[in-house]
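Novice: here you go, sequence then predicted model.
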Amino acid sequence: MIPEFIQEYFVDPIKYGEGYNWVNTLTYGLILIAASYLVYAYLKTRIAMDQKFYYSVSTFILVGASARVVKDMNVSESYILVTPLIFFLIFGITFTSLIVTVRIWRENYYKYLAAIGLGLFIFILGILIANAQAFNYKGFIYIVVAAVAVSVIVYYVSRFLNFKFITKNSEIMGGHILDASATSFGLAMFGYFEQHMVPGLFINLFGTPFVMFPLKIAVVGIALSAVEDVKEEGYKTFIKLVILILGAAPGLRDLLRIFFMT
């Protein structure tokens with residue numbers, strides 16, 4: 001028998017797609033912080049957390065985003081593909097792939113790790129295409145064009161202002177701007193609703209989902225500025241990877257979801 005509290009705040013939101021509440025939002029946030037620390041503590045003496053690590057692991061963002069859409073399209077009914085359970089699934093796949101490739105290929109592991117991530121993404125994308133009933137090209141174009149345009153503007157404004165913490169992390173800012181774009185157009189044009197508590201609060205406050213653009217730019221900019229003060233390069237890279245995941249994963253998921261009209 002599941003306690004009523006857990007049923008109401010954790011099980012039902014997953015089972016019925018009710019979105020987030022303040023209880024599970026804070027709980028998942030604490031779990032993310034604790035899990036990130038433990039993973040970093042384990043990896044820091046075993047793997048050099050450099051740019052090769054960063055970009056090879058980031059290919060699994062594509063895996064997680066596309067796998068989530070498999071559930072959105074009802075290709076699979078498994079709750080393991082629902083947030084937050086899918087995070088544990090993708091983490092398990094990524095972590096296992098990382099350890100295995102490091103054991104086998106040593107310093108060249110990143111090539112094979114990236115190949116696994118991209119291979120899985122292509123496989124899942126094939127499943128999505130095969131099961132798609134229609135394609136929303138207009139939504140896809142709106143989201144991508146807006147995300148690219150805003151990202152370019154932010155980049156050049158940041159370069160003019162000498163905000164190097166943004167210009168040298170343009171893929172992170174771009175990932176979050178993609179999330180803002182997909183959220184904005186999804187809510188404004190395609191009948192979706194915001195599941196997350198904090199964005200929903202600001203959207204209701206300002207009366208438009210497009211507030212996500214300045215909100216994301218401000219929050220991510222502050223976060224990247226703070227990360228630059230971290231002295232240990234490996235830890236800095238790891239934190240940046242986590243920030244990238246938090247923006248690019250939901251952004252890509254929403255983009256694919258709108259494109260496949262789920």
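Specialist: Everything's here; your move.
Novice: going forward, measure contacts and count neighbours with C-alpha atoms only.
Specialist: Fine.
Novice: can you give me the helices in this protein?
Specialist: Taking DSSP state H as the criterion, the chain contains helices spanning 4-6, 12-16, 22-43, 51-72, 85-105, 109-131, 137-160, 164-167, 170-189, 197-206, 212-227, 233-259.
Novice: just name the most buried of these.
Specialist: helix 170-189 (a mean of 23; mean count of other CA atoms under 10 Å).
Novice: other SSEs contacting it?
Specialist: Taking 3 or more CA pairs under 8 Å, 6 or more residues apart in numbering; DSSP states H and E as the contact definition, the neighbouring helices and strands of helix 170-189 are helix 137-160, helix 212-227, helix 233-259.
Novice: switch the cut-off to 10 Å
Specialist: Taking 3 or more CA pairs under 10 Å, 6 or more residues apart in numbering; DSSP states H and E as contact, the helices and strands that helix 170-189 lies on are helix 137-160, helix 164-167, helix 197-206, helix 212-227, helix 233-259.
Novice: if we compare these, which one ends up closest to Pro3?
Specialist: Nearest to Pro3, of all the helices and strands packed on helix 170-189, is helix 197-206, at 23.4 Å by CA to CA.
Novice: can I get that closest one as CSV, trimmed to CA atoms?
Specialist: Output of helix 197-206 as CSV, limited to C-alpha atoms (Å, rounded to 0.1, in the frame of the first residue of the first chain):
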residue,chain,number,x,y,z
MET,A,197,6.4,25.0,-11.4
VAL,A,198,8.8,27.9,-11.7
PRO,A,199,8.3,28.6,-15.4
GLY,A,200,4.6,28.3,-15.0
LEU,A,201,4.7,30.9,-12.2
PHE,A,202,6.5,33.4,-14.5
ILE,A,203,4.3,32.6,-17.5
ASN,A,204,1.2,33.3,-15.4
LEU,A,205,2.7,36.4,-13.9
PHE,A,206,3.6,38.0,-17.2
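Novice: so for it, mean pLDDT?
Specialist: Per-residue pLDDT values across helix 197-206 average out to 92.
Novice: then stretch 182-191?
Specialist: Mean pLDDT, taken over the full extent of stretch 182-191, equals 95.
Novice: who's in contact with that stretch?
Specialist: Here stretch 182-191 makes contact (CA atoms under 10 Å, 6 or more residues apart in numbering) with 136, 139-140, 142-144, 146-147, 176-178, 180-181, 192-194, 199, 203, 208-213, 250-258, 261.
Novice: how about a cut-off of 8 Å?
Specialist: Residues outside stretch 182-191 that contact it (CA atoms under 8 Å, 6 or more residues apart in numbering) are 139, 142-143, 192-194, 208-212, 251, 254-255, 258.
Novice: OK, contacts around Pro199?
Specialist: Contact analysis of Pro199 by CA under 8 Å, 6+ apart lists Met212.
Novice: what sits closest to Leu62 if chain neighbours are left out?
Specialist: Take Leu62 and drop its neighbours on the chain: the residue closest to it by CA to CA, 6 or more residues apart in numbering is Phe121, 5.9 Å away.
Novice: do Ile239 as well
Specialist: Val227 (7.4 Å).
Novice: likewise for Ser76?
Specialist: That would be Val70: by CA to CA, 6+ apart, it lies 6.2 Å from Ser76.
Novice: where does this structure dip in pLDDT?
Specialist: For the chain, the stretches with pLDDT under 70 are 1-2.
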